[in-house]
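In: sequence? don't have it. structure:
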């Protein structure tokens, strides 16, 4: 009795699991479904099916390693469905810090990269690990902090002066501490401010993405460096205010690139090339410029590929 | 939002259930036989193996995630299979997490049986398979606890799923990774909703398994009379020539 029931339950689970693996697979394009659902004896249908087969990319999946800011701001959810619809590729987005994204690229684990740390990207470009390196867009970093502004940075123009004031006051500062693009930028600003490696109880590393780091800074009434897009996307949950902006050091530049298929044969070169082409396409660039205007009253990213 | 039945959240929930369910099933297939062997057979180094299994019961998912990643990456030994960032990768990692849990519980269940019972079964002339089957039947309550613990340990883990699955929208996004992401996006209401779904799912599955676990004895007593075959003489017979001793299906046929 027990055995029968157990077998019944196990087999139900198995069937469900099989059904799931089908359902879980990336949604096949409508064309494929049509081609398989009509009888193959029909000559026209067969022809149609063949055309469809030719139009389908050989390897459909593209692994895109990118930064948390493009995911947390909602930009990828906005752009990627359009790319998938246009090309038939399926993008698998791995949203990690820029440091890890570049590492995945350097090891050939990803096909395309979208990152925002030119100083960390340059070695990969020089070494030929990535190719087709293209400027996509920019926005800027901002220094956010509690409205009370204990280090009085609001009236300071240069970001280096603001950082110096924070360090002098030992006001709590939350660093990403994760080798992300934002972290790289933060360290370069500290360096420019003449503080090689800030330390002390006031300087804390979250080790997490931009969204989480903003939440932590908010709870601790601390300062942090954020990209504008993530900050604006989360502003409703935050009491933090923009206290310093506009210095030229705070420019946040995004590049897209493909991992060199000659070094790594498993890389989906055609797919990555299509993605790079999509990101710098005038139509996509216009979409990037419009993104967030409706919701936040200002664009989150400024397209650059056309200039 | 839960009530409105968002299609994406439904997909995420379904994937969570199926991935963790299948991983539990695979862990059972490996863990129970392994546990039975380790529970019954005495050999040199057995204590070491059992200690390893017991350590594995508390293996941090993120460690499993890292090692599975290393093996599944394109640069890893199984890179050519292209399994990294797929639901299959999550199933592999979760199976590795749940197998020691189920093995450990099975060892404990088998060893908990009194040795006299084993002697008694053998004395009654049971074959090898009858012996094993009886042993498993006798420890069924503890074995169901193993299933519950195994499922619970993987449906709730986030580290391994995030690392080997990549939290890809509509493909490898499960409830735990989605919750983690929504928190980092600052979408707290969505994160709270997802966490409620996750707890409800865990409770629902555990409840079903528990009912199944506790139900057995009563069930066996009730079912006994049905096992005896009664001659269908007093039943209304099918119309027309039909094989007697047959039931509802034939009647339907005849009506048509």
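Out: Nice, I can see it. Predicted, not measured: the structure shown is a model, and the values here were computed from it.
In: now the strands for the stretch 1-150 of chain A?
Out: A:61-66, A:90-95, A:112-115, A:130-145 (DSSP state E, counting those that start in this stretch).
In: packing partners of the third one?
Out: In this structure, strand A:112-115 packs against strand A:61-66, helix A:98-106, strand A:251-259, helix A:269-279, with contacts taken as 3 or more CB pairs under 8 Å, 6 or more residues apart in numbering or on different chains; DSSP states H and E. To be clear about C-beta, it is placed using only N, CA and C from the backbone, and glycine gets the same treatment.
In: about what we covered before: so which of the strands of the stretch 1-150 of chain A is the most surrounded?
Out: Each of those was scored by mean neighbour count; the highest is strand A:112-115, a mean of 28, by mean count of other CB atoms under 10 Å in any protein chain shown.
In: show me where chain B dips below the pLDDT cut-off.
Out: B:1-5, B:216-256 (pLDDT under 70).
In: what's in contact with stretch B:57-72?
Out: Defining contact as CB atoms under 8 Å, 6 or more residues apart in numbering or on different chains, one finds that stretch B:57-72 is touched by B:76-79, B:81, B:83-84, B:89, B:92-93, B:96-97, B:100-101, B:104, B:154, B:157-164.
In: the helices and strands packed on strand A:112-115: which one's closest to residue A:198?
Out: Each of the helices and strands packed on strand A:112-115 has some distance to residue A:198 by CB to CB; the shortest is helix A:98-106, at 18.7 Å.
In: list the buried residues in stretch B:80-92.
Out: Judged by neighbour count using 16 or more other CB atoms under 10 Å in any protein chain shown, the buried positions of stretch B:80-92 are B:82, B:83, B:84, B:85, B:86, B:87, B:88, B:89, B:90, B:91, B:92.
In: ditto for stretch A:187-197
Out: A:187, A:189, A:190, A:193, A:195.
In: check stretch A:198-210 too.
Out: The neighbour-count check on stretch A:198-210 (16+ other CB under 10 Å) flags A:198, A:202, A:203, A:204, A:206, A:208, A:209, A:210 as buried.
In: cool, stretch A:148-168 as well?
Out: So stretch A:148-168, judged by 16+ other CB under 10 Å, has buried residues A:150, A:151, A:153, A:156, A:159, A:160, A:162, A:163, A:164, A:165, A:166, A:167.
In: export the residues you listed to JSON lines and append columns for secondary structure, pLDDT and distance to residue A:119.
Out: As requested, those are exported to JSON lines (DSSP: H, G, I helix; E, B strand; the rest coil; pLDDT from 0 to 100; distance: CB to CB, whole Å):
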{"residue": "A:150", "secondary structure": "coil", "pLDDT": "95", "distance to residue A:119": "31"}
{"residue": "A:151", "secondary structure": "coil", "pLDDT": "95", "distance to residue A:119": "27"}
{"residue": "A:153", "secondary structure": "coil", "pLDDT": "95", "distance to residue A:119": "25"}
{"residue": "A:156", "secondary structure": "coil", "pLDDT": "94", "distance to residue A:119": "25"}
{"residue": "A:159", "secondary structure": "helix", "pLDDT": "96", "distance to residue A:119": "17"}
{"residue": "A:160", "secondary structure": "helix", "pLDDT": "95", "distance to residue A:119": "17"}
{"residue": "A:162", "secondary structure": "helix", "pLDDT": "96", "distance to residue A:119": "21"}
{"residue": "A:163", "secondary structure": "helix", "pLDDT": "96", "distance to residue A:119": "18"}
{"residue": "A:164", "secondary structure": "helix", "pLDDT": "96", "distance to residue A:119": "22"}
{"residue": "A:165", "secondary structure": "helix", "pLDDT": "96", "distance to residue A:119": "25"}
{"residue": "A:166", "secondary structure": "helix", "pLDDT": "96", "distance to residue A:119": "23"}
{"residue": "A:167", "secondary structure": "helix", "pLDDT": "95", "distance to residue A:119": "22"}
